[in-house]
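sequence and computational prediction follow.
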Amino acid sequence: MRPMRLRSSLLVSSFSILGFVGCSSPTSDEANLTPEIPDPVEIPSVESAPLTTERTIKPRHERVSPTRNPQVPELLNEMLAEGMGEWDFAEGIPIHTWTLDDETPPAPGDNAKMLTRFVHLADTQLADDESPARLANYDTPGLGGAFRPQEGHECRILNAAVRTINAFNRENPIDFVLLGGDNIDNGQSNELDWFLSIMNGSPNVHCKSGDPLAPFPFPEDYPKHPFVAEGLEVPWRWVTGNHDILKQGTVRPRPGEAEGSEAIAGTRDWSLPGGPIVTGEVIPDPNRYILTRGELHDRVASVGDGHGITDDVKAYGKTYYWFDVKDTPVRIVVMDTAAETGGALGLIQQSDIDDFLEPALQQAKADGKWVILNSHHGSHSLSDGGSPGGIKQPDAVSLEDWYAFVGRHENVIMHLAGHTHIHRVNKRAPDGGSPYWELETSALADFPNQLRVIEIWDQDNGYVMIRAIGLDYVDEGDPIAQDGRKRAIVDFTCGYEKDGGGDPTHRNVELWIPKPGATD
């Protein structure tokens, strides 16, 4: 196979450089030497993690029309050399106040207090970019996602996000991290292993598939060098997205296609400089198999505290569950909107309302809880299951019926989601029902590569206030995460990727809503 021949030539060249092969015949000791994966890199902890109200990242280069393809290493390097990935710290983004009636909110009462603070981490899309099941050649401007210049750096970017959350937590304690789904990119077993190792901490994370030694020796800027992951210092909870269970988040996989040796639609070859896109024969890897939802549940539940995946979740078959924020009236209700039948859009079925959501929201009301719904897809990303790659489901809940359902439950204060990779706020006011907020967080995977810090406040004046502030991951001390950020910025400035920051009034926000009647 071509990759094996490349590896052999690289090994011979590398041994010559390292002195393993000389002009004379090797000694028996030298002949027995074999290349080894180097020790994992230790990355220092982050000292401080400022919110984007204090400072934020701004590209130096203006956004241009897409004329150069960042998939081509030579063109990407050309754009990096021109400074299209450079950035500066700009002044912070102000907080925009939202009320349901567009009026100024009342002054907080004397006993206003924050009930909880947590981080929303959405759309990491940690990818095995060397898998033969990739669709890199289908990436186009404005419809990106099949290829990202920074995808080979995503393990280090996620690790930088974890280090950032830990630093923020040391200065401003948080209760938990809530995922937004699409945590991995192709539903693969090895991707999930890498994700769990980074989130929970590991002495050795090596985000590499196929030949673990190609190329040898690893270049200094090689994004797949093994590293030590410090792991989150706070609990985190799993949420399932379409990319967590489907090939490229869209289609049901064919048996064996991810583990196999033939790349049809374009994957990357990191044995070559810059990891160019290739097709044809690649090195197979049994660790690449695409997980079923049940296998995913088992894997997540088997580490740490299970991260929300209990025996009840496994028995139900979808990632539906709820948990309370201790000593508060806040309850998080997690929904699974990924469709195993295919399609990138979300799916809620009437059976899920009847069997889980309606009883859960009724119980929350009886318990005096304010509900935050959390799913990968927001309401405008829901479908009947028949989006491209999927199969229409007869009991799919329509958008109108979804709004009517939520509006019947006055204790729902917010629906939190990801999927669109854009910071966005929407008022939801169902006809005859109770209004609530819908909040979407942009993707860690794409520019501006942010998380959101969310606080829930009882304002002691008849209102609840939801504060959501962007948080840039800190890349200090990790040149690979720094390089990943530059590549993500190039993807934006060269015109291939959209601006996930969205409307400036949707980025750092305070959302006011009347306090539900069932409280305290």
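It's in.

helices along the chain, start to end?
In the chain, the segments counted as helices under DSSP state H are 2-18, 28-31, 73-81, 154-171, 189-200, 293-301, 311-316, 350-352, 358-366, 399-407, 479-493.

let's have those in TSV, adding mean pLDDT.
Below are the helices of the chain laid out as TSV (pLDDT from 0 to 100):
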stretch	mean pLDDT
helix 2-18	30
helix 28-31	45
helix 73-81	98
helix 154-171	98
helix 189-200	98
helix 293-301	97
helix 311-316	97
helix 350-352	98
helix 358-366	98
helix 399-407	97
helix 479-493	98
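
can you list the ones you listed in a markdown table and add distance to Pro253?
Yep, even glycine has a C-beta here, placed from its N, CA and C like the rest. As requested, those are exported to a markdown table (distance: least, Cβ to Cβ, whole Å):
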| stretch | distance to Pro253 |
| --- | --- |
| helix 2-18 | 22 |
| helix 28-31 | 43 |
| helix 73-81 | 28 |
| helix 154-171 | 20 |
| helix 189-200 | 12 |
| helix 293-301 | 12 |
| helix 311-316 | 21 |
| helix 350-352 | 24 |
| helix 358-366 | 31 |
| helix 399-407 | 29 |
| helix 479-493 | 26 |
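
any stretches of this protein with poor pLDDT?
The model of the chain has pLDDT under 70 over residues 1-33, 518-520.

so who does the residue nearest the centre of it touch?
The centre of the chain sits closest to Thr124, judged by Cα atoms, centre = their mean, with a distance of 1.8 Å. Counting by Cβ atoms under 8 Å, 6 or more residues apart in numbering, Thr124 makes contact with 154, 157-158, 161, 182-184, 195, 443-445.

strands along the stretch 301-450 of the chain, start to end?
321-324, 330-334, 370-374, 412-417, 424-428, 436-440, 450-458 (DSSP state E, counting those that start in this stretch).

who wins for proximity to Ile283 among these?
strand 450-458 (34.4 Å; Cβ to Cβ).

residues of that closest one that come out buried?
450-458 (16 or more other Cβ atoms under 10 Å).

so who does the closest residue to Ala404 other than its chain neighbours touch?
Nearest non-adjacent residue to Ala404, counting by Cβ to Cβ, 6 or more residues apart in numbering: Pro430, 5.5 Å away. With contact taken as Cβ under 8 Å, 6+ apart, Pro430 is in contact with 403-404, 406-407.

ok so, going back, in JSON lines: the helices of the chain, plus distance to His96 and mean neighbour count.
Output for the helices of the chain, formatted as JSON lines (distance: least, Cβ to Cβ, whole Å; neighbours: other Cβ atoms under 10 Å):
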{"stretch": "helix 2-18", "distance to His96": "51", "mean neighbour count": "15"}
{"stretch": "helix 28-31", "distance to His96": "66", "mean neighbour count": "9"}
{"stretch": "helix 73-81", "distance to His96": "33", "mean neighbour count": "16"}
{"stretch": "helix 154-171", "distance to His96": "22", "mean neighbour count": "24"}
{"stretch": "helix 189-200", "distance to His96": "31", "mean neighbour count": "23"}
{"stretch": "helix 293-301", "distance to His96": "35", "mean neighbour count": "18"}
{"stretch": "helix 311-316", "distance to His96": "36", "mean neighbour count": "13"}
{"stretch": "helix 350-352", "distance to His96": "34", "mean neighbour count": "16"}
{"stretch": "helix 358-366", "distance to His96": "29", "mean neighbour count": "16"}
{"stretch": "helix 399-407", "distance to His96": "24", "mean neighbour count": "16"}
{"stretch": "helix 479-493", "distance to His96": "22", "mean neighbour count": "24"}
